[in-house]
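Chemist: Kindly return the folded structure for what I paste below:
(chains A, B, C and D, ligands or ions: 2)
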Amino acid sequence: MKPEIWRELGLKDEEYQMIVDVLGREPNYVELSMYSVMWSEHCSYKHSKETLRLLPTKGDRVLQGPGENAGIIDIGDGLGVCFKMESHNHPSAIEPYQGAATGVGGIIRDIFTMGARPVALLNSLRFGSLEETKNRYLFNGVVAGISGYGNCIGIPTVGGEVYFESCYGGNPLVNAMCVGIIEKEKIKLGHATGSGNLVVLVGAHTGRDGIHGVTFASEELSEASKEKRPSVQVGDPFMGKLLLEACLELIENGDVVGIQDLGGAGLTCATCETASRAGTGMEINLDDVPLREEGMEAYEIMISESQERMLLIVSPEKESKVHEVFKRWGLTSTTIGHVTDDGILRVYKGGKITAEVPAHSLADGAPAYNPVCSEPDYIKAVGEFNISEIPDVDDANSTLLKLLSHPSIASKEWVYRQYDHMVRTCTVILPGSDAAVIRIRGSQKGLALTTDCNSRYVYLDPQEGAKIAIVEAARNLVCSGAKPLAVTDCLNFGSPEKPGIFWQFRKAVEGISESCEFFGIPVVSGNVSFYNEVNGEAIYPTPTIGMVGLLEDVSLCCTQDFKKAGELIVLLGDTYEELGGSEYLSVIHSLVKGKPPKLDLIKEKTLLKVVLAIIQQGLVSSAHDISEGGLIVALSECCICGNIGAKVRLESEGLRMDALLFGESQSRTLLSIHPDNIHAVMEMALSSGVPFKLIGWVGGDKLIVNVDGEEKINISIDEISKNWREAIECYMK
Amino acid sequence: MKFGVVVFPGSNCDLDAYHLLKDVLSREVEYIWHQAESVKGFDCIILPGGFSYGDYLRCGAIARFSPLMESIVEFAQSGGLVIGICNGFQILIEAGLLPGTLRRNVSLQFRCQFTYISTENNNTPFTNAIKPKKILKIPIAHGDGNYFADEKTLKEMKKNNQIVFRYTTPTGDITIDANPNGSLDNIAGICNKKGNVLGMMPHPERAGETVLGSIDGLSVFQSIINNLGE
Amino acid sequence: MKYRAEIKIMPKKGVLDPQGEAVKGALKTLGYDGVHDVRIGKYLVVLIDGGEKILVENKVKEMCDKLLSNLVIEEYSFSVKEIPV
Amino acid sequence: MKYRAEIKIMPKKGVLDPQGEAVKGALKTLGYDGVHDVRIGKYLVVLIDGGEKILVENKVKEMCDKLLSNLVIEEYSFSVKEIPV
Ligand SMILES: Nc1ncnc2c1ncn2[C@@H]1O[C@H](COP(=O)(O)OP(=O)(O)O)[C@@H](O)[C@H]1O
Ligand SMILES: [Mg+2]
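Modeler: Ligands and ions are numbered 1, 2, ... in the order given. Coordinates of the predicted model:
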């Protein structure tokens, strides 16, 4: 076989040699295609798996850690919460609507594959500046795609985040997260156990979707197939819904041995992974696979990424029943093979064996690389930043309005009003607060959900930035009244083959591990997306954090909006002269420089402990985490959402005005409290050493801020609200 | 009294209607699969929201040919109570049980948000328990809720008091800003001449518990219950 | 015999076409000032086996009336061609 | 001069058309067994002023490439006729 062939398929020469050694012969083209997709970065994690071992994945609540389709955490009452986040960046860059839609469909299948009922979706999105038409097109298409799929399949999209930074211009990030509820004893795994059990393929017919364009250059292809074009995957949420219901019905009744969704690398991945996990083998016959197009070749059928397909392992006794159930749901299901005990994945077509490879080597035999890792030069450069170089704010009013109307800070209502965030009537805190809260039917409990990552921090200091991403997520959950339970991550980076990028990756993973270890929050699932680059320029390192928290009593959940005039506003936590990496620096002074605000994990822990206790005892009316834009932006959000004003007095204590008002010091929270409760709260804070400042009261129709007795901010809530609400809308008109 | 919630392939608010009737209002309720022969034994049929058949071609266009629909049409013509919510409304229109049509929202976007609606006709089996002048806070979630009917039809409907709900401001003013989807005359819900078939875009089943932000939807179901007479 | 039916479904005259309006607006902002009306409808291609052409045409008309178009706001036209084997 | 451009936009060959699939299924359940494929696309009618026909045709092609069709998953064809005054 000519080197061009495996190189075109993206295999390194030494990787090809490994394949030859495993097989004891040259692979044929079908086998080579199968290896090329299974040993791709996407499926094999060959550049990341070593580093990912650093992540803490254990915990007494962990029912299922990384390795399966999704992680599961014990939430009591015999229930588990099952969740995972995944990226669909590159497909979304090519076709934003379908790219995002199929991303949502894929993550949903990961959840119900485990036997869990999907109950919520979130998404973390990043685009270039909305000033550019291209980015508005991508933003519009991605949001429409998420809404198109999520709304149709009937799972509420309850939260997420959207950021706009020029580094995402040609390479938007689309990270979708799905959360499901599962009865502990109903957990299903993707295992092809039991030699003699049958392999059933169900759902969409197989077409030439998403087959790597490169393979078409290969000379082994027939003339006929030359003009065949690979096609973009198109999602079918309707069939997704039918699959979801039918599979859950079968799992509920214990009619399946194992189940696995077909995602990247399609049939190849589903067959070899289920067999490998169970230490078995499998024989399948491609003549039995329902095809959408004529004349598809074996390799096309094996690596096709057609959407809405599932693979089930079924005992012979159940075969007919399984087919009946799918028929009732209007789905095509066919038995395409059976499980064997020889560990070999054998693929037949036209009565002949077209591929015969050890399942384990396909699924888990890919080489693991430990790439060169070295600090990139930019780190020093951006680190050298002296705040005295920039002038302090003079007109705080206009600065505030500029910040509030910056798309990254402005209201995301334009996005989430396109998502059905109420279907299933379980959404207790709707999008628009720190975290979404959903109730768990048939119990007092609730789940709080959030995604967070300030990638500018991570860019400036990958380790600290990643640490902060974790605590910000935790803070968002705590401010909603929930105890953080566990994390799913989606690690978006440039090319790991560049020492500087791999260094970012390594440091970020170390940062995540450090925070998670410290808070005892395990990482139970996740996803790595490398090669997020446009002509050599990498995106900001973006380890998106999805976090799930538990409320024992959902009625005690807390939102960020100010509730009643006369209530007192309290700031917990210290403010330092920290402007590095801040929204203020970037929006007002167009600078991406300095160190991210420093994070003291011990302080953070005590803060979260106290805030959670205060909320659980029902002592506060609102709680809001202080993040992008700092204290005054957070205050504005509390006012806007509560549609009420506030009067605040601050002491500068020698701080620069901009740092005091717009700095993003960590471990801070804004509370509004009924006067009757103020002493109790103060007690709790001070007794555990959490800095407590009574800074003002709720009321009126303006936000008024005095610093050292001098009025710095005085704007009507209407004006603040208008700027914040209409910013994104204006761009998208 | 027994409620039936019809399940089409792609229905997804069936669960919510069922939950409200069973767990909140403690009424007898059953799902009815779209291929069932008949709706015998049920006193009120609910066509829930969702995306029946993916809303492909036109919302509700394919679902109306489900086997069960024939029996529902008979049920309706013989005076049985039928309420279609959101996608259910679209199906009733496609099935010819209600006049007019529902087009794409003027924004050309899906909209999920709380809306305020006034009850224009309190004299139907679905609205008799709603206090006159009371403005209901009920959420919408749809991409095709933009009601349209030609002038002749609209005149007819007005003459027969078939316009049941209209979008208003929180204070009850019928304005363009209060109209979330471009509906003709801010129409949010209509009934047939007899008044025993109601279609509405807002989701009363999503406004039945305090934790969900509104309980105004209950009065619609309470009306039905009153009407069926305990 | 095999036939290919091509069906056009357009919004009726007088019925507002928000999508068409939006596209018209977009075209104008792109600088196509000449454009003064845009109407958007559906185009269906149906491959169907049948006997005589006239029978197939009747079938297709029936499909349009029953399912494919909504006569309250849409009008349709179609053509049926035999596919040479 | 006034022209009428008629534009057909269809999902590319090989690209899944879930809507077409669903409608095919519906037609079969309605008893139209003869139907063995349904593809659904868009049909646009654009009224546009312009000089020579060839220039208008170029404009229309440009519109399709830029805005009207999504070349990643769709293909289009069009015809331009002069509207007699
Ligand atoms: N892509 C999105 N989808 C759904 N909801 C979103 C999305 N982006 C932001 N939101 C919601 O908008 C609110 C504000 O988002 P964000 O500013 O990221 O909150 P925070 O800074 O507290 O994490 C949150 O409730 C979030 O869930
Ligand atoms: Mg935040």
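Chemist: so what's the residue in chain B positioned nearest to ligand 1 closest to, chain neighbours aside?
Modeler: Per CB to the nearest ligand atom, B:Cys112 is where chain B lies closest to ligand 1, at 10.7 Å. C-betas here are computed from N, CA, C, even on glycine. Among residues not flanking B:Cys112 along the chain, B:Ala141 sits closest, at 4.2 Å (CB to CB, 6 or more residues apart in numbering or on different chains).
Chemist: helices and strands around the host helix or strand of that neighbour, which ones?
Modeler: Using DSSP states H and E, B:Ala141 sits in strand B:135-142. Under the contact criterion of 3 or more CB pairs under 8 Å, 6 or more residues apart in numbering or on different chains; DSSP states H and E, strand B:135-142 touches strand B:111-119.
Chemist: In chain C, what residue comes closest to ligand 1?
Modeler: Residue of chain C nearest ligand 1, by CB to the nearest ligand atom: C:Ala22 (23.4 Å).
Chemist: For that residue, which three-state class applies?
Modeler: C:Ala22 carries the three-state label helix when classified by DSSP: H, G, I helix; E, B strand; the rest coil.
Chemist: Roughly how far does it sit from D:Ile7?
Modeler: For C:Ala22, the distance to D:Ile7 (CB to CB, to the nearest Å) stands at 16 Å.
Chemist: Comparing those two, which residue is more hemmed in?
Modeler: Neighbours were tallied for C:Ala22 and for D:Ile7 using other CB atoms under 10 Å in any protein chain shown; the higher tally belongs to D:Ile7 (24 against 16).
Chemist: contacting residues for the more buried one?
Modeler: For D:Ile7, the contact set (CB atoms under 8 Å, 6 or more residues apart in numbering or on different chains) comprises D:Lys42, D:Tyr43, D:Leu44, D:Val45, D:Val46, D:Val60, D:Cys64, D:Leu68, D:Ser69, D:Tyr76, D:Ser77, D:Phe78.
Chemist: what bridges to the residue lying closest to the second one once chain neighbours are set aside?
Modeler: When you say that, I think you mean D:Tyr43. Nearest non-adjacent residue to D:Tyr43, counting by CB to CB, 6+ apart: C:Tyr43, 3.9 Å away. Following DSSP bridges, C:Tyr43 is listed with bridge partners C:Lys8, D:Gly41.
Chemist: Looking at the residue nearest to A:Ile301 when sequence neighbours are not counted now. What's its pLDDT?
Modeler: Spatially, and ignoring its direct neighbours in sequence, A:Ile301 is nearest to A:Leu286 (5.0 Å; CB to CB, 6+ apart). The score at A:Leu286 is 98. That number is its pLDDT.
Chemist: Which parts of the stretch 551-700 of chain A are helices?
Modeler: Assigned by DSSP state H, counting those that start in this stretch, the stretch 551-700 of chain A shows helices spanning A:583-589, A:601-616, A:630-642, A:657-662, A:678-687.
Chemist: Who are the packing partners of the shortest one?
Modeler: The one in question is helix A:657-662. When contacts are defined as 3+ CB pairs under 8 Å, 6+ apart, helix A:657-662 sits against helix A:396-404, helix A:583-589, helix A:630-642, strand A:702-707, strand A:710-716.
Chemist: Can you say which of the ones you listed is nearest to chain B?
Modeler: helix A:630-642 (13.5 Å; CB to the nearest CB).
Chemist: returning to what we had before: could you dump the helices and strands packed on helix A:657-662 to JSON lines with mean neighbour count?
Modeler: Formatted as JSON lines, these follow (neighbours: other CB atoms under 10 Å in any protein chain shown):
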{"stretch": "helix A:396-404", "mean neighbour count": "21"}
{"stretch": "helix A:583-589", "mean neighbour count": "20"}
{"stretch": "helix A:630-642", "mean neighbour count": "24"}
{"stretch": "strand A:702-707", "mean neighbour count": "20"}
{"stretch": "strand A:710-716", "mean neighbour count": "16"}
